[in-house]
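**Q** need a structure here:
(one chain, ligands or ions: 1)
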Amino acid sequence: MTALGPGAWPPAPIGTERLVLRESEARDRAAFIELFASPEVGTYIGGPRPRDEIERAVPEVPGRRPGLFVIELDGAMIGMITLDRRDAERPGHVRPDAGEAELGYMFLPEAWGCGYAAEACVAALDWFADALPVEPVVLSTQTANDRAMRLAAKLGFTEVGRFEEYGAEQWFGVWSPVTPSG
Ligand SMILES: CC(C)(COP(=O)(O)OP(=O)(O)OC[C@H]1O[C@@H](n2cnc3c(N)ncnc32)[C@H](O)[C@@H]1OP(=O)(O)O)[C@@H](O)C(=O)NCCC(=O)NCCS
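**A** Residues are numbered from 1 along each chain as shown. I've put the predicted structure just below:
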């Protein structure tokens, strides 16, 4: 992610009630491969990729970049959260100069339905609001992706618009940090 303030990345590991958000490490490689190969995970995000192709493509330390948090439960990776700059060429923007921070989330199916994604996203958004105060965060997901839609609403994202992309209807929303008044 560009334009993070000096020293903003990587942050020290962030602990929540049940989880840890941290930079990726070599020991996460198998979980990354599982995420990209899982048909359930891929349903609304372009489909899974063949496992042997992923095995070849995933580096020794996968996902080592600013804005990518590995989410750990009891010492093992269960998913990841990304905060990346949204490509100016894509539809959906809230700033005239584009390049908004965009939230993404992907968890292993065995970790769904426990509130882990919500717990981790709240912590990531808190971190972001501290690192880059006043910047909005955007998110887009297929409207058919019920779980992702419910999570976006729970996190406080509000709809900006809908459009077609990748042959499906997409929901595009924005989240802004609550600034104390007075
Ligand atoms: C999108 C995704 C992260 C959502 O995961 P999730 O586990 O459904 O999301 P949450 O963390 O909000 O958990 C909500 C569920 O946990 C349940 N839950 C159980 N214990 C809970 C607790 N202690 N606190 C909160 N919720 C809890 C909720 O009731 C809810 O259950 P429900 O789905 O049966 O209604 C996941 O489906 C995923 O990785 N999908 C594949 C990748 C993808 O499509 N990403 C989106 C791209 S835009």
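
**Q** Going by C-alpha atoms from here, please, whenever you check contacts or count neighbours.
**A** Will do.

**Q** In the longest strand belonging to the chain, which of the residues would be classed as buried?
**A** Longest strand in the chain by number of residues (criterion: DSSP state E): strand 76-85. Going by neighbour count (16 or more other Cα atoms under 10 Å), the buried part of strand 76-85 is Met77, Ile78, Gly79, Met80, Ile81, Thr82, Leu83, Asp84, Arg85.

**Q** Just name the closest of these to the ligand, please.
**A** Using Cα to the nearest ligand atom, Gly79 comes nearest to the ligand of the buried residues of strand 76-85, at 7.2 Å.

**Q** ok, the closest one - contacts?
**A** Listed by Cα atoms under 8 Å, 6 or more residues apart in numbering, the contact set of Gly79 reads Ala31, Leu35, Val70, Ile71, Glu72, Tyr105, Met106, Phe107, Leu108.

**Q** Switch those over to CSV; also include secondary structure and pLDDT.
**A** As requested, the contacts of Gly79 are arranged in CSV below (DSSP: H, G, I helix; E, B strand; the rest coil; pLDDT from 0 to 100):
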residue, secondary structure, pLDDT
Ala31, helix, 98
Leu35, helix, 97
Val70, strand, 98
Ile71, strand, 98
Glu72, strand, 98
Tyr105, strand, 98
Met106, strand, 98
Phe107, strand, 98
Leu108, coil, 98
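
**Q** For the spatially most central residue of the chain, which three-state class applies?
**A** In the chain, the centroid-proximal residue (Cα atoms, centre = their mean) is Gly104; its distance is 2.4 Å. The local conformation at Gly104, judged by DSSP: H, G, I helix; E, B strand; the rest coil, is strand.
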